[in-house]
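A.B. asks: Generate coordinates for the sequence data below:
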Amino acid sequence: MPTIDRTQALRALRTVKIVHTLAWAVFAGCIVVIPWLASMRQFERAFVLIGFVMLEVLVLVVNRFRCPLTNVAARYTEDRHDNFDIYLPLWVARYNKQIFGSVYVAGIIYTVVLWQHP
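C.D. replies: As a prediction, this is how the structure comes out:
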């Protein structure tokens, strides 16, 4: 792998962090919207989002519960704080899987319960 100077590394890291943050926002938004869609009885849309987020969960499982973008960002910095690879507050980055995983599972349960009981 060719070496890159510090400016190029910082630029690459910034790009990865932006892409990672945008991807996170899409998935977090989907997770938050799932129970709202269920409450509006828009089950087809809710199930589509559940499936979409499940694809990301599978990617995380295959990568040992680590986002592949984290590995890309790690090429450009020695920093290993929980938010070195994403523009999130440290505590959100640290507990991201627990917070949004819980909301996701609760949203799935809520959606299925409402769907089963018209």
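A.B. asks: Against which helices or strands is the longest helix anywhere in the chain packed?
C.D. replies: The single longest helix within the chain, with elements called by DSSP state H, is helix 6-39. Judged by 3 or more Cβ pairs under 8 Å, 6 or more residues apart in numbering; DSSP states H and E, helix 6-39 is in contact with helix 43-62, helix 68-74, helix 90-116. The C-beta positions use only the backbone N, C-alpha and C, and glycine is treated the same way.
A.B. asks: Specify the angle between it and helix 43-62 in degrees.
C.D. replies: For helix 6-39 against helix 43-62, the angle by axes from the mean of the first three to the mean of the last three Cα atoms, to 10 degrees is 140 degrees.
A.B. asks: What residues does G51 make contact with?
C.D. replies: For G51, no contacting residues are found, by Cβ atoms under 8 Å, 6 or more residues apart in numbering.
A.B. asks: Burial check on the nearest residue to I4 once chain neighbours are set aside, number of neighbours?
C.D. replies: Sequence neighbours aside, A12 is the residue nearest to I4 in space, at 7.2 Å (criterion: Cβ to Cβ, 6 or more residues apart in numbering). If you count neighbours by other Cβ atoms under 10 Å, A12 ends up with 16.
A.B. asks: Then S102?
C.D. replies: Look at S102: counted by other Cβ under 10 Å, it has 12 neighbours.
A.B. asks: No more questions from me, cheers.
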